[in-house]
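K.L.:
only geometry, no sequence info:
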């Protein structure tokens, strides 16, 4: 009988689940609860460089019996620092997180495929220098160019990785497709037969557990999950799958299933925010649960903003409300996390030289991406066309056509502000002009729109400084 293994990412995802970073005490409480379940591995979030993160990791590593996996973002590369924070664990492991889709490689790591392969070899070898157990996590693997995915996994194994995780970060595959995807990896990476293969699957279509089951049926050793709902398969769902299909598939798990329900309920109370409430004369203590919509007035919105601790000028209040109405037109409700993102994006900005009027993007897997963007400069519409390697690259090229200048892209990041299909995307763009970096933020339910707004925000700061 084959033992399937579950890697628990609850601590890694806890900040996103809770809507804020966990306190030191909360992290320890979560770790103790997970340790009681005896899942194969407890995975920690990448450390941000602060002493508090390192101390929390070190304390967790010393107090649990379960294997501890410390994540390392390849774009940061703080391998030694991360290792020092978990080396005291009974069974420590380093997990190198590597984006492999063309867009993410370009904008997260600023590298093309050949340079990315060399970076993978370098950082996996460094991880192996410190740790006997090294995991290579291929982020966005289902949207990577397939031959490059095989090459990257081969490079990681040759450099010392002894655990591989392939991720469907967008949750775009059906169970049959994912099973075939796993078969293809085994076929083209023969060395994987002696390596543990895991899967990490987004539950975007509600099929993550089914896809994980298909992967296990096709040879994967296990799956990543969270103890409570967080957009991935849950621990109890996977345990239930093994319980129902274990005999037929000749699989079992070493997890303490009898502890599962009680532990999950404890973690829900600790980590899951209470249901958001509608806005109605809310007090300071309740502001974290406010939920606004398109019918709320500027007075209502600014009242909540002030209770969140922001003191805005009249001009910034108008900008915030304008951005709020734009986002609220596409969403049923706006929570406080999203409202704070709007404040961070719309307030405290320089006078805009350029404003976005509209944009049209054409993209697909059989055509080159093109963008048609119209900006307003000093009240006059200006149009630009651009072509690029993906919709965002094309959009930036169109803006550069309008302004007649190409700035160096210093950094680009995209993340969701909340969860769900209509979640707002938040984009950060940093562009460099004459050695000086200016950053801009953009938000939208459309990540391309968020990216364009972020670029324009950074551009306006450069123009303002030049004038």
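P.N.:
Yep, that arrived. As the structure is a computational prediction, the values presented were derived from the model and not from experiment.
K.L.:
tell me what the strand or helix carrying residue 185 is packed against?
P.N.:
Applying DSSP states H and E as the criterion places residue 185 in helix 175-188. With contacts taken as 3 or more C-beta pairs under 8 Å, 6 or more residues apart in numbering; DSSP states H and E, helix 175-188 sits against helix 146-158, strand 163-168, strand 196-201, helix 208-217. The way it works is simple: take the backbone N, C-alpha and C, and place the C-beta from them, glycine included.
K.L.:
tilt between it and helix 208-217?
P.N.:
Note on geometry: by axes from the mean of the first three to the mean of the last three C-alpha atoms, to 10 degrees, helix 175-188 and helix 208-217 are set 30 degrees apart in direction.
K.L.:
Identify each buried residue in helix 175-188, please.
P.N.:
175, 178, 179, 181, 182, 185 (16 or more other C-beta atoms under 10 Å).
K.L.:
Now tabulate the helices and strands packed on helix 175-188 in JSON lines and tack on mean neighbour count, mean pLDDT and distance to residue 229.
P.N.:
Output for these, formatted as JSON lines (neighbours: other C-beta atoms under 10 Å; pLDDT from 0 to 100; distance: least, C-beta to C-beta, whole Å):
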{"stretch": "helix 146-158", "mean neighbour count": "19", "mean pLDDT": "97", "distance to residue 229": "29"}
{"stretch": "strand 163-168", "mean neighbour count": "25", "mean pLDDT": "97", "distance to residue 229": "17"}
{"stretch": "strand 196-201", "mean neighbour count": "24", "mean pLDDT": "96", "distance to residue 229": "14"}
{"stretch": "helix 208-217", "mean neighbour count": "24", "mean pLDDT": "96", "distance to residue 229": "11"}
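K.L.:
Of all the helix elements in this protein, which one is longest?
P.N.:
Counting by DSSP state H, the longest helix found in the chain is helix 447-466.
K.L.:
Give the full set of residues in contact with residue 357.
P.N.:
374, 375, 376, 381 (C-beta atoms under 8 Å, 6 or more residues apart in numbering).
K.L.:
And the last one, what's its pLDDT?
P.N.:
The predicted local distance difference test score for residue 381 is 94.
K.L.:
and the buried residues of helix 175-188 as a markdown table, adding pLDDT and distance to residue 244?
P.N.:
Shown next, in a markdown table, are those (pLDDT from 0 to 100; distance: C-beta to C-beta, whole Å):
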| residue | pLDDT | distance to residue 244 |
| --- | --- | --- |
| 175 | 96 | 15 |
| 178 | 97 | 19 |
| 179 | 96 | 18 |
| 181 | 97 | 24 |
| 182 | 97 | 21 |
| 185 | 97 | 26 |
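K.L.:
so where do the strands sit in the stretch 201-350 of the chain?
P.N.:
222-225, 251-252, 277-278, 290-292, 334-335 (DSSP state E, counting those that start in this stretch).
K.L.:
worst average pLDDT in these?
P.N.:
strand 277-278 (a mean of 42).
K.L.:
Based on its surroundings, how many neighbours for residue 124?
P.N.:
25 (other C-beta atoms under 10 Å).
K.L.:
Identify the residue nearest it in space, chain neighbours excluded?
P.N.:
residue 159 (3.9 Å; C-beta to C-beta, 6 or more residues apart in numbering).
K.L.:
Please list the residues outside stretch 144-152 that contact it.
P.N.:
So stretch 144-152 is contacted by 98, 100-102, 113, 116-117, 120, 138, 141, 166, 184-185, 188-189 (C-beta under 8 Å, 6+ apart).
K.L.:
which among these gets closest to residue 222?
P.N.:
residue 166 (12.2 Å; C-beta to C-beta).
K.L.:
which residues sit in contact with the nearest residue to that closest one once chain neighbours are set aside?
P.N.:
Excluding the flanking residues, the one nearest residue 166 by C-beta to C-beta, 6+ apart is residue 141, at 4.2 Å. For residue 141, the contact set (C-beta under 8 Å, 6+ apart) comprises 100, 149, 166, 167, 168, 169.
K.L.:
ok, the nearest residue to residue 8 once chain neighbours are set aside - contacts?
P.N.:
Among residues not flanking residue 8 along the chain, residue 39 sits closest, at 4.7 Å (C-beta to C-beta, 6+ apart). Going by C-beta under 8 Å, 6+ apart, residue 39 touches 5, 6, 7, 8, 66, 235, 255.
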